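> give the three-dimensional model of this entry:
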Amino acid sequence: TLFARSEFKGGNQGQDNFNLNFFHTIEKNNKNVLGFKKSDGKFKGFTWFINENETSNNKIIFDKSFTNIDIDNFIISHEDQKIEFEGFVREKQQKDLKLSFENVDLAKVLPSINDLKIEGELNGGVRLVQKGERFQPTSNLRVSDLTLNQILLGQLNVDVLGDQNLKSFSVKSSTFVLIP
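Predicted structure coming up:
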């Protein structure tokens, strides 16, 4: 097992700092494992963690040809916010990939855009399933207290269902404001 640490800066002015602690090993079945120990990064002034609770997950397992890949609960967190990526790829014919969001403050993760300030709390997920030539993309996302340039728009709900060919998508969205 090879343990490594990488420290680097990002952002337009080099203001974001990242400290990654990871390892690489080869299992008995000849599969590669790239895993993350507790790591942190400062993005937009907020410290986010990879594998904050130091679990045995947060790893990617793959074969030498990169045709079979398992993503084992890759979690990025900040306080009570969590972004989780998991799933698998089996050659070109089978996929099940899930990206989920829990209490994610949009202002802390979206890049800064001149003259546009987006705020709100994101919950829900996005999923892509493939079986043979058929795909099934779906999403179920909720943004509470969606605010654009300090104007409260309310709650945004977005549900998406794609067709099996990834050519047509049914999008159902709504916004509403809760009045106290």
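> neighbouring strands - and their directions - for whichever helix or strand residue 75 is part of?
Taking DSSP states H and E as the definition, one finds residue 75 inside strand 68-78. Using DSSP bridges, the strands paired with strand 68-78 are strand 46-50 (antiparallel), strand 59-62 (antiparallel), strand 81-90 (antiparallel).
> send over the longest one as CSV, restricted to the C-alpha atoms.
Right, the one you point to is strand 81-90. Extracted in CSV, the C-alpha atoms of strand 81-90 (Å, rounded to 0.1, in the frame of the first residue of the first chain):
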residue,chain,number,x,y,z
GLN,A,81,-23.8,19.5,4.7
LYS,A,82,-23.0,16.4,2.7
ILE,A,83,-22.3,15.6,-1.0
GLU,A,84,-22.1,11.9,-1.7
PHE,A,85,-21.1,10.0,-4.9
GLU,A,86,-21.5,6.3,-5.2
GLY,A,87,-22.2,3.6,-7.8
PHE,A,88,-20.6,1.3,-10.3
VAL,A,89,-19.7,0.9,-14.0
ARG,A,90,-19.5,-2.5,-15.6
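> okay, the angle between the helix or strand that that strand is followed by and strand 68-78?
Next along the chain after strand 81-90, taking DSSP H and E as the criterion, comes strand 94-105. Strand 94-105 and strand 68-78 meet at an angle of 0 degrees, taking axes from the mean of the first three to the mean of the last three CA atoms, to 10 degrees as the criterion.
> packing partners for the very next helix or strand once past strand 94-105?
As assigned by DSSP H and E, the chain's next helix or strand after strand 94-105 is helix 106-109. Applying 3 or more CB pairs under 8 Å, 6 or more residues apart in numbering; DSSP states H and E, one finds that helix 106-109 contacts strand 118-131. The C-beta positions use only the backbone N, C-alpha and C, and glycine is treated the same way.
> who's in contact with the strand it packs on?
With CB atoms under 8 Å, 6 or more residues apart in numbering as the test, strand 118-131 has contacts from 93-107, 110, 135-148, 156.
> what lines up beside that strand in the sheet?
strand 94-105 (antiparallel), strand 134-148 (antiparallel).
> can I get those strands in JSON lines with mean pLDDT and mean neighbour count?
What follows is the strands paired with strand 118-131, written out as JSON lines (pLDDT from 0 to 100; neighbours: other CB atoms under 10 Å):
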{"stretch": "strand 94-105", "mean pLDDT": "98", "mean neighbour count": "17"}
{"stretch": "strand 134-148", "mean pLDDT": "96", "mean neighbour count": "16"}
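> make TSV from those and add distance to residue 57 to it.
Output for the strands paired with strand 118-131, formatted as TSV (distance: least, CB to CB, whole Å):
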stretch	distance to residue 57
strand 94-105	14
strand 134-148	23
